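A.B. asks: Sequence unavailable; structure follows:
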């Protein structure tokens, strides 16, 4: 009689499980991208393919990326108006969200940092679309998604957002100043009411 081996403990098997999950997500993303590519106009695709084959990133940008950026800008302007800040939030949503989440994770801790980043993006959109004040409501039932130490005031969030815009377009000066301000604020423990 052979003894059946038991499966490895979850902790030992975690890297393999995570690798399978990541691999599955990457494969699904690749399939979706291939499907979308199949819907492209071959005449529009040909110059981009040539640019790729000739290792010419500038030509690829002007033949593929730039026309899509113009289409996105036109759509956003028609639907949401001509606010450069609103367009930036939509066009660079992941860039903004990732930076906010990193700041919240660094200075307020990892748990709920993405929720706080989503709150910040929604607050920025409300401000730029409807001139709404940026002020976390700490009186509501659930406040886990609200920042308490950094980027929780209107001036701080608007300044950081202006820094992100500059950073995206090649000028990191304001971003670096804002990051210094965030770090000093966190060290001083000055920002945000504590519930």
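C.D. replies: Now that the structure is in, tell me what you want to look at. Note that the coordinates shown come from a computational prediction; the quantities given were computed from them, not determined experimentally.
A.B. asks: quick check: domain ranges of the protein?
C.D. replies: With domains defined by automatic domain parsing, the chain comprises 37-81, 88-188.
A.B. asks: now the end-to-end length of the last one.
C.D. replies: The distance separating the two terminal residues of domain 88-188, taken as CA to CA, to the nearest Å, comes to 31 Å.
A.B. asks: same for whichever strand or helix holds residue 159, what does it pack against?
C.D. replies: According to DSSP states H and E, residue 159 maps onto helix 154-168. The contact analysis (3 or more CB pairs under 8 Å, 6 or more residues apart in numbering; DSSP states H and E) places helix 154-168 against helix 84-91, helix 93-108, helix 113-130, helix 173-188. The way it works is simple: take the backbone N, C-alpha and C, and place the C-beta from them, glycine included.
A.B. asks: how close does the most centrally placed residue in the chain get to residue 188?
C.D. replies: Centroid check for the chain by CA atoms, centre = their mean gives residue 94 as the closest residue, at 2.2 Å. The gap separating residue 94 from residue 188 is 31 Å, by CB to CB, to the nearest Å.
A.B. asks: try residue 121
C.D. replies: 26 Å.
A.B. asks: And for residue 80?
C.D. replies: 37 Å.
A.B. asks: which parts of the helix holding residue 159 are buried?
C.D. replies: Going by neighbour count (16 or more other CB atoms under 10 Å), the buried part of helix 154-168 is 156-161, 163-168.
A.B. asks: just stretch 108-116 next, same as before
C.D. replies: Buried residues in stretch 108-116 (16+ other CB under 10 Å): 108, 112-116.
A.B. asks: Ends of that stretch, what's the gap?
C.D. replies: Per CA to CA, stretch 108-116 runs 10 Å from first to last residue.
A.B. asks: what's in contact with that stretch?
C.D. replies: Stretch 108-116 is contacted from outside by 97, 100-102, 104-105, 144-150, using CB atoms under 8 Å, 6 or more residues apart in numbering.
A.B. asks: filter the residues you listed to the buried ones?
C.D. replies: 97, 100-101, 104-105, 145-150.
A.B. asks: element containing residue 133?
C.D. replies: Short version: residue 133 belongs to no helix or strand, going by DSSP H and E.
A.B. asks: Show me the shaky parts of this structure.
C.D. replies: 1-15, 17-18, 21-22, 25-26, 190-195 (pLDDT under 70).
A.B. asks: Please enumerate residues in contact with stretch 78-95?
C.D. replies: By CB under 8 Å, 6+ apart, stretch 78-95 touches 69, 72-73, 76-77, 96, 121, 124-125, 128-129, 161, 164-165, 168.
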